[in-house]
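S.K.: coords please:
(one chain, ligands or ions: 1)
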Amino acid sequence: MTITRKDETISIICDTCGTTFRKTFPHDEFAVMQREIQQEGWKPRRKAGAWEHACSHCAQSQDGRLL
Ligand SMILES: [Zn+2]
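M.R.: Numbering: from 1, shown residues only. Okay, here's the model as predicted:
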């Protein structure tokens, strides 16, 4: 998971292609962020003990490879 904190906001970046999610969130709304990104098709993935996130585009292509 690539999350950057700047001032009092957090933004999330796709670990595959580097796309930044279209909005940022207050630093204390991590759970809100998780819900919103998943509503838009972003997918958290657990990998080597760390969380990664894929944007909706990359999540689809990754799912396609798994099938
Ligand atoms: Zn991506």
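S.K.: please, where are all the helices along the protein?
M.R.: 30-39, 56-66 (DSSP state H).
S.K.: near the ion, which residues of the chain?
M.R.: 14, 16-17, 19, 55, 58 (CB under 5 Å from the ion). For the C-beta atoms, the positions are set from N, CA and C on the backbone; glycine is no exception.
S.K.: what about the nearest residue to Arg45 once chain neighbours are set aside, distance to Asp28?
M.R.: Here the nearest residue to Arg45 in space, its sequence neighbours aside, is Glu52; by CB to CB, 6 or more residues apart in numbering that works out to 5.0 Å. Glu52 sits at a distance of 23 Å from Asp28 (criterion: CB to CB, to the nearest Å).
S.K.: bridging residues for the residue nearest the centre of the chain?
M.R.: In the chain, the residue lying closest to the centroid (CA atoms, centre = their mean) is His53, at 3.8 Å. On the basis of DSSP bridges, His53 is bridged to Pro44.
S.K.: so who does it touch?
M.R.: 1-2, 12-15, 37, 42-45 (CB atoms under 8 Å, 6 or more residues apart in numbering).
S.K.: are any of those buried, and which?
M.R.: Among the contacts of His53, the ones that count as buried by 16 or more other CB atoms under 10 Å are 12-15, 37, 42-43.
S.K.: okay, now the closest residue to Glu8 other than its chain neighbours: neighbour count?
M.R.: Computed as CB to CB, 6+ apart, the closest residue to Glu8 that is not its neighbour in sequence is His27, at 5.3 Å. For His27, the tally of surrounding residues (other CB atoms under 10 Å) stands at 14.
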